[in-house]
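Participant: based on what follows, work out the 3D shape:
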Amino acid sequence: MPSNSGKASVDVVVVEDSLSDIALTDSQAHTAAWRHWVLPVIVPVFLVALILQADLLEGPKTAYVGVLAVVPMLAAVFGTPLQTAIVGAVAWLAALGFGHLASDGNATSQNVRLLMIATSAVGAVFASGHRVKREKRLQEAERDRTLMEQMRYDATTDILTGALNRRGLVMTLEAIDRSGPITVAVADCDDFKLVNDRLGHLAGDRYLKSTALRLTRALSEQDIIGRWGGDEFLIALPLPLEEAQIVLERVNHQVTHDPVMNDSESMSVSLTFGATEWAADESLDSVVSRADQAMYEGKRSNQRINVG
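Facilitator: Coordinates of the predicted model:
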């Protein structure tokens, strides 16, 4: 009869790992909570005690008590209005109690000190509230900016391949510098329908993702690559047509040299490129249409790189 000791050991390890993760999470939460109170409350209260201890060592007088007016301002730098109010109350009550304990006999001076501490505490609470509101506005602005960037990414990125989609390509191409020569090429996956029909759509998706990745890696950072639609990719090279043709031949070799593996079965990659130079006064639709036509002519003539 097979033993279950191995499975039991695995279960124990899994449980121990889970408990360790829970313990780590709890520890991190306690650490965060501790830090949340150290600078805004604990350190200022410690300063209150330190100042009064120094005053006590000087003898029965309250010369240092007025320094407590600074403590709530320290709390306002790091804490919430509530925490700042707590520190202000502690400072004021400590000054009041210490005044009765070690009075220098000048009641007017003591009242002035208490008024200074109270005024400082109230001002610190308002300052803390203003800081918290400003930080919240900055956080909301950062969150909105991140959300906008994510929405822009989602709107301009092909969900399957991770390359630019048609919208992203149009936006990018319409914004590029047209002062120099630009070659636009359409790359079509040959016999892609056969891949879907023979191996299924999941294999077709893998084929497209691998092809897009290979195209991206074969091109430079200055080049633009995206999925134009279906099994067609659009490429823009900041080169005249003659130089771009040489680059596309190299790219085609790199992309099609090795097959794409689908489980235990390999899928050969074959592309046909149609390339044309983008005239300075020509629209994007026009140059893409011309590159598309060159691609179809290449398919008919069995030319992997066809210029038009």
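Participant: on the pLDDT front, check the residue nearest to residue 159 when sequence neighbours are not counted for me.
Facilitator: Closest residue to residue 159 apart from its sequence neighbours, by C-beta to C-beta, 6 or more residues apart in numbering: residue 165 at 8.0 Å. Every C-beta, even on glycine, is put in place using the N, C-alpha and C of the backbone. pLDDT recorded at residue 165 is 96.
Participant: residue ranges of the helices in this protein, please?
Facilitator: For the chain, the helices defined by DSSP state H cover 5-37, 43-58, 71-78, 81-101, 107-156, 166-175, 192-199, 201-218, 241-256, 284-301.
Participant: tabulate the ones you listed (TSV), appending mean neighbour count and distance to residue 186.
Facilitator: As requested, those are exported to TSV (neighbours: other C-beta atoms under 10 Å; distance: least, C-beta to C-beta, whole Å):
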stretch	mean neighbour count	distance to residue 186
helix 5-37	10	50
helix 43-58	16	66
helix 71-78	23	59
helix 81-101	20	62
helix 107-156	14	19
helix 166-175	16	11
helix 192-199	15	14
helix 201-218	18	12
helix 241-256	17	11
helix 284-301	17	4
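Participant: ok, of those, where does mean pLDDT dip lowest?
Facilitator: Looking at those, the bottom one is helix 5-37 with a mean of 49.
Participant: picking up where we left off before, now tabulate the helices of the chain in a markdown table and tack on distance to residue 274.
Facilitator: Below are the helices of the chain laid out as a markdown table (distance: least, C-beta to C-beta, whole Å):
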| stretch | distance to residue 274 |
| --- | --- |
| helix 5-37 | 54 |
| helix 43-58 | 70 |
| helix 71-78 | 63 |
| helix 81-101 | 66 |
| helix 107-156 | 24 |
| helix 166-175 | 16 |
| helix 192-199 | 16 |
| helix 201-218 | 15 |
| helix 241-256 | 10 |
| helix 284-301 | 3 |
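Participant: now do the contacts for the residue nearest to residue 159.
Facilitator: 156, 157, 158, 159, 226, 227 (C-beta atoms under 8 Å, 6 or more residues apart in numbering).
Participant: could you list which of the residues you listed belong to strands?
Facilitator: For the contacts of residue 165, the ones inside strands are 226, 227, with DSSP state E as the criterion.
Participant: emit the ChimeraX select command for whichever of the contacts of residue 165 are buried.
Facilitator: For the buried members of those, the matching ChimeraX selection, counting by 16 or more other C-beta atoms under 10 Å, is:
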select :156,157,158,226,227
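Participant: save the contacts of residue 165 as JSON lines, and put in distance to residue 207 too.
Facilitator: Shown next, in JSON lines, are the contacts of residue 165 (distance: C-beta to C-beta, whole Å):
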{"residue": "156", "distance to residue 207": "23"}
{"residue": "157", "distance to residue 207": "19"}
{"residue": "158", "distance to residue 207": "14"}
{"residue": "159", "distance to residue 207": "16"}
{"residue": "226", "distance to residue 207": "17"}
{"residue": "227", "distance to residue 207": "13"}
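Participant: now the two most distant members of the contacts of residue 165.
Facilitator: Spanning the widest gap among the contacts of residue 165 are 159 and 226, at 12.6 Å by C-beta to C-beta.
Participant: tell me which residue is most central in this structure.
Facilitator: residue 146 (7.1 Å; C-alpha atoms, centre = their mean).
Participant: alright, that wraps it up for me.
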